[in-house]
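> Provided below are the primary sequence and the corresponding predicted coordinates.
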Amino acid sequence: MLKRPDLEEFPVYMRSYVQLIPEGDIIQILNGQLASTHKLFSVVTEEQADYRYAEGKWTLSEVLGHLTDTERIMSYRILRIARGDKSPLMGFDENEYVQEASFYERAIAELLEDYQNVRRSTISLLKGLPQKSLLNKGNANGFEVSVETIAYMIAGHELHHLKIIQQKYLRY
């Protein structure tokens, strides 16, 4: 079972995200997020999807695309580290990824389906890992991290953005 590592095991920039995640089984947490994120975005209209709360901020479509892209990258890191790969894994510039993705050209329902597919894939990957590989460590973006650590980073990153969405975009 995956459990939340100590905050010292997280890169400093991720600690505030991970603190949002309660203790518990990360697979259950990721499954819960899958349901809640689907519920949140399934009612977003195309007009709302194009909304940005300030100049230079991402639209809702871009935020959802960013969540999906980031999870793809993090899941790839999980796979590599779980399999014992010791090669350093590079970081990425999320702003460049969003700029190049043209998420505005895709319907929000299509972006949501893509997110769901990626999340299900992440959960499947985590469920299928041998127990011993969960503590494997590797270097990602210049930081030593374990498989468990990355799984919690995925959940914390998403929760961070969902809070911003609720506060600044949808105001529920």
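Right, received. Where do you want to start?
> Can you list phi and psi of residue 144 for me?
Taking degrees, to the nearest 10, you get phi -80, psi 120 for the backbone angles of residue 144.
> Who are the contact partners of it?
137-138 (C-beta atoms under 8 Å, 6 or more residues apart in numbering). In short, each C-beta sits where N, CA and C put it, glycine included.
> What distance do you get for it to residue 10?
In this view, residue 144 and residue 10 are 11 Å apart by C-beta to C-beta, to the nearest Å.
> do the same with residue 57
26 Å.
> Next: residue 121.
For residue 121, the distance to residue 10 - C-beta to C-beta - is 23 Å.
> And the strands in this structure, which stretches?
Here the chain has its strands, by DSSP state E, at 137-140, 143-146.
> need the least confident one among the ones you listed, by mean pLDDT.
Least confident of those, judged by mean pLDDT, is strand 143-146 with a mean of 91.
> Who does it pair with, and is each partner parallel or antiparallel?
strand 137-140 (antiparallel) (DSSP bridges).
> Can you pull out the residues in contact with the strand it pairs with?
Contacts of strand 137-140 (C-beta under 8 Å, 6+ apart): 77, 80-81, 85-89, 91, 144-146, 150.
> Look up the closest residue to residue 70, ignoring the ones flanking it.
residue 157 (6.0 Å; C-beta to C-beta, 6 or more residues apart in numbering).
> Quick one: distance of the lowest-mean-pLDDT helix or strand in the chain to the chain centre.
Scoring the helices and strands of the chain by mean pLDDT, DSSP states H and E places helix 12-18 at the bottom, with a mean of 82. Helix 12-18 sits 13 Å away from the centroid of its parent chain (C-alpha atoms, centre = their mean, to the nearest Å).
> Fine by me, thanks again.
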